[in-house]
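3D model of this:
(3 chains)
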Amino acid sequence: MSQTPFMEVRNLSRHFGLFKALSNVSVSFAPGQLTAIIGPNGAGKSTLFNVLSGALSPTSGQVFFQGQDITDLQPHDYARRGIAKSFQITNVFKQLSVHENVRVAAQMRYARYELFKPRASLRSAIEEADALLARVGLSALRNKTVADLAHGQQRSLEIAMALAADPQLLLMDEPTAGMSPEETASMMGLITQLARERTVILVEHKMKLVMGICERLIVLHHGEFLAQGTADEIRNNAEVRRVYLGQG
Amino acid sequence: MSEITPSLLMLQLVTGIALGTVYALLAIGLSLIFGMLNVVNFAHGAFFMVGAFLGVYFLGLTGNFWLALVIAPLVTGGIGLFAERFLVRPLYGRGIDYPLLLTFGLSYVLIDVVRATFGIEGLPSSTPAALRGAVNLGFGHFPLYRLFLIAATAVVVLALWLFLEKTRYGLIIRAGSRDAEIVRVLGVDITRVWWLVFGLGTAIAGLSGVLAAPTRAVNPEMGIPVLAESFVVTVVGGMGSLPGAVVAGILVGVVFSMTALLAPAYAEMSIFVLMALVLLVRPQGFFGKAGALG
Amino acid sequence: MSLENLVNLGARYRVASVLLFLLAFPWLMPYEALAVNILIFGLFAVGFNLVFGYTGMLSFGHASFLGVGSYLTGIAMVHFGLHWLAAIVVGVLASLLAGLVVGYLAIRTRGIYFSMVTLALGQVIYYLFYKAERWTGGENGLRGIKAEVIDLFGFRIDFLNPMTKYYVIWFFVALAMWLVSRILASPFGAVIEAIRENEKRTAACGYDVARAKLLIFVISAGVCGLAGSLRALHLSVVPVDSLHYLQSGQAVMMCLLGGMGTFFGPFVGAGVFLYLEDVVTTLTKYWMGAVGLLFMALVLFFPRGIWGTLVHQLQRRGLLQVERP
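A predicted model of the protein is given here:
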């Protein structure tokens, strides 16, 4: 294991008034792994995810990415540093076309303040967008307005947009929420593929899904760190069984 | 150039407080509507103007200032109720700019309706007989009417506070401004609450107009600068905050008044400079919540 | 050539289409001064549309940039005797600077706060110019801007001739429209539209939203400033009310009437508004009330505006493939 963890939180706490969503959580994530953050409802999974992705700032503690302190990073710097996320509640450009959604996400790496070149001449952004649409299976819907898409298709679009930033770290918050069984299977296949190319951290509450594909699991309970390990280790962990299943 | 004595400063300070109470009332009305409906009433200055006209009109009609003080805000609030029901309500859910734009158009209509009704010159207004004269404050003589302004505002603010804090309806309003869904779930008709709050907010604007009428020229354009001034107060105090409206209102009144004495050419600008400073240092206003700006 | 081909050709070469139309425009209007006015305010509305229709920021203080452009051009000529061309440059530079200052302060707020703050900041500029009587003429406005015979490329042109005036101004409007079109079609243009659609999403994609907003705000101020400079030359005076928020409201109205977020819409809005004003003010003195009613009717029933509705209908029927001409 490399000396500097890929991503790390130290003594992370997040309070909402008197409610302690996260208490003194310290966890590190290794590169190239597919890690899932799991725990019962109210465990603090979403809060941890939101701190990792920059949507929330911690009450105390720090977040490190590739050795650098990103606790106070600006929202737009996350994508630039190689951290991309897909939101739990689909958050895309509803009135733009499917292709434009991904194209504008990809464009970030090529041109932001270019005033005179026509965007149609930025072939790389256009081609990358087309490639990503093909990957998530949305090529046929290229020119449709996003508002006309089904929920599952919008989730796929979210993923394509996150990938457009070419991130080293992909954060996914409940990626299969609201999906049919076929869509879920397809999404899990995609995630497994993605995890071979980059580091992926997921939040999920469907235990069965993550047990099958994740290399590492981190279990939270009542805002505190409970356990971590491989799927087998977690399955056999007495504490985890007690918390999840009321046994032991 | 006359000398600036301590007593002159004190008198000017009290003048500023009296001016500030008008600003405070305006800002309260604006904040109530915004806090509850998420609508910035760009016709607020026009409702102020309508209140002033109605106040002078009813005073002339009945000879009784206190009667006018009650009727004018009620009628103004009535216009507000009509406007919300038929003009603003259809726009909810369409996008935050639409109600704003609508109220802006409404202000134009109100101005020309007043011109058509009362003429373009405006109405002569004077201090009601019962409140004429001056009071010796120790450091100088101060117009009784302006002291009345301060007292009247204090009464209105107290009444409003009691209403919001101590009555069931006030509780609904406070809860609704935090979370309309919860209030709906509890079986309250939130649309009705919005309607009444809009009426209340415009009635308060009208009330500040009636109260202010004896201290300024009453003409159809009088509300135009007032709109900008009430925005300054809400930015400084924090939008949606009633204590903020009161504190900022008085602060703005004092800043204007003191600048008018010490550097007269910059008086109108001074309050906007104050606003610019607040924007630089604390964009959410004194009493506003950080991040409550979107 | 079918109608569909013609429509799409015109839309693809939108700058040329608009400018050709504007070349012929004076013959469509009852008198030239109205055409000049529409040209100038059309440009003002185009500038405003950049922040309102394309980026989604409802500024209520854009008249200050129109006014700054007018006043600085006038002051440069009246008090410093500058050549009219140099005076236009001064006017535009001043409005860019004003845009930077106002934008920097206002963009710290969002949504409806932004509207309130821009209105209030616009009033600061209004009072500043109102009080600086020695330079601006105060209440009476700035007078005596002489641009009677101007020389352009060695030709002596009679600027007082309304047709000549129209085409000189057309030249500057053409330049500005070409620039605006390039900017809207650029990668940056995509960023500001994304901001209008979903700010948070745009930041999550990695774009610095505040900086992008400031940049488009400054560009918009410059375009409005150019309109102001041209207006000063046209009227030979600068009325102090050019800076008032009611003038800003007029820009909002024109964009709403014509079509926000379309290239030609603001011109349509300016044209219809000023033409109506010309006609209605001869029939009644309650033009302000009429404007208010029109405003409310647009907001309630017709938010796409005239040109916007036309474009939308053409797109819906598949006749128009190009986006938002």
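
contacts and neighbour counts: CA atoms only from here.
Will do.

neighbours of residue B:35, how many?
Using other C-alpha atoms under 10 Å in any protein chain shown, residue B:35 has 21 neighbouring residues.

let's verify it: helix, strand, or coil?
Secondary structure, DSSP: H, G, I helix; E, B strand; the rest coil: residue B:35 is helix.

list the buried ones in the helix ranked longest in chain A?
Determined from DSSP state H, the single longest helix within chain A is helix A:181-197. Using 16 or more other C-alpha atoms under 10 Å in any protein chain shown as the test for burial, helix A:181-197 gives A:184, A:187-188, A:191, A:194-195.

any idea which of these is closest to chain B?
Of all these, residue A:184 has the smallest distance to chain B: 31.5 Å, by C-alpha to the nearest C-alpha.

ok, and the closest non-adjacent residue to the closest one?
residue A:176 (5.5 Å; C-alpha to C-alpha, 6 or more residues apart in numbering or on different chains).

then residue C:102?
Going by C-alpha to C-alpha, 6+ apart, residue C:102 has residue C:121 as its nearest residue, at 6.8 Å.

can I assume residue B:221 sits in a strand?
No - checked against three-state DSSP, residue B:221 lies outside a strand; its state is coil.

quick one, strands of chain A?
With DSSP state E as the criterion, chain A has strands at A:7-16, A:19-29, A:34-38, A:60-65, A:68-69, A:83-86, A:169-173, A:199-203, A:216-221, A:224-229.

what is the last one packed up against?
Counting contacts by 3 or more C-alpha pairs under 8 Å, 6 or more residues apart in numbering or on different chains; DSSP states H and E, strand A:224-229 is packed against strand A:19-29, strand A:216-221, helix A:238-245.

now it: average pLDDT?
In this model, strand A:224-229 has a mean pLDDT of 88.

strands paired with it, and their directions?
strand A:216-221 (antiparallel) (DSSP bridges).

gap between the strand it pairs with and the chain center?
15 Å (C-alpha atoms, centre = their mean, to the nearest Å).

quick one, it and strand A:19-29 angle?
Angle of strand A:216-221 versus strand A:19-29, following axes from the mean of the first three to the mean of the last three C-alpha atoms, to 10 degrees, is 160 degrees.

quick revisit: out of the helices and strands packed on strand A:224-229, deepest packed?
Of all the helices and strands packed on strand A:224-229, strand A:216-221 has the most neighbours on average by mean count of other C-alpha atoms under 10 Å in any protein chain shown, namely a mean of 23.

dump the C-alpha coordinates for it into CSV.
Only the C-alpha atoms of strand A:216-221 are listed here, as CSV (Å, rounded to 0.1, in the frame of the first residue of the first chain):
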residue,chain,number,x,y,z
ARG,A,216,-13.6,-3.0,0.2
LEU,A,217,-16.4,-1.9,2.4
ILE,A,218,-16.6,0.7,5.0
VAL,A,219,-19.4,0.4,7.6
LEU,A,220,-20.8,3.4,9.4
HIS,A,221,-23.2,3.4,12.3
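
list of residues touching that strand?
A:33-40, A:42-45, A:225-231, A:234, A:240, A:243 (C-alpha atoms under 8 Å, 6 or more residues apart in numbering or on different chains).

on that earlier part again, can you say which of the strands of chain A is packed in most?
Each of the strands of chain A was assessed for mean neighbour count using mean count of other C-alpha under 10 Å. The highest is strand A:83-86, with a mean of 27.

pLDDT weak spots in the chain?
This is for chain A. A:1-3, A:245-248 (pLDDT under 70).

meant chain B, my bad for not saying
Short version for chain B, where the test is pLDDT under 70: B:1-2, B:177-180, B:289-294.

now do chain C
Applying pLDDT under 70 to chain C flags the ranges C:148-149, C:151-154, C:322, C:324-325.

which helix in it runs the most residues?
Determined from DSSP H, the single longest helix within chain C is helix C:209-235.

for whichever helix or strand comes after that helix, the distance to its chain's centre please.
Following helix C:209-235 in sequence order, the next helix or strand is helix C:245-258 (DSSP states H and E). Offset of helix C:245-258 from its chain centre (C-alpha atoms, centre = their mean): 9 Å.

pretty sure residue A:90 contacts residue A:156?
No - contact criterion C-alpha atoms under 8 Å: residue A:90 and residue A:156 do not qualify, at 9.7 Å.

between these two, which one's more packed in?
Per other C-alpha under 10 Å, whichever of residue A:90 and residue A:156 has more neighbours is residue A:156, with 23 against 16.

wait, that one touches residue A:135, no?
No - Residue A:156 lies out of contact with residue A:135 (C-alpha under 8 Å); the separation is 9.6 Å.

who touches both of these two?
By C-alpha under 8 Å, 6+ apart, residue A:156 and residue A:135 have no common neighbours.

spatially central residue for chain A, please.
Central residue of chain A (C-alpha atoms, centre = their mean): residue A:171, 1.7 Å from the mean position.

how about that one: what's its closest non-neighbour residue?
residue A:85 (4.4 Å).

closest point of chain A to chain B, which residue?
As assessed by C-alpha to the nearest C-alpha, chain B sits closest to residue A:56 within chain A, at 12.1 Å.

now for the nearest residue to that residue once chain neighbours are set aside, how many residues are close by?
The shortest distance from residue A:56 to any non-neighbouring residue, by C-alpha to C-alpha, 6+ apart, is to residue A:50 (5.4 Å). Number of residues near residue A:50 (other C-alpha under 10 Å) recorded here: 18.

what's the separation between residue A:50 and residue B:278?
According to C-alpha to C-alpha, to the nearest Å, residue A:50 stands 31 Å off from residue B:278.

for residue A:185, same thing?
Where residue B:278 is concerned, residue A:185 sits at a distance of 54 Å (C-alpha to C-alpha).

swap in residue C:315?
Counting by C-alpha to C-alpha, the gap from residue C:315 to residue B:278 is 46 Å.

so for the two, which sits in the more crowded spot?
residue B:278 (18 against 15).

for the helix or strand harbouring that one, give me every contacting residue.
Using DSSP H and E, residue B:278 falls within helix B:267-281. For helix B:267-281, contacts defined as C-alpha under 8 Å, 6+ apart pick out B:229, B:232-233, B:235-236, B:252, B:255-257, B:259-260, B:285, C:105-106, C:108, C:120-121, C:123-124, C:127-128.

check stretch B:28-46 too.
B:26, B:96, B:99-101, B:103-107, B:110-111, B:173, B:176-178, B:194, B:197-198, B:200-205, B:222-227, B:230, B:234, B:239-242, B:245-246, C:112.

noted, bye for now.
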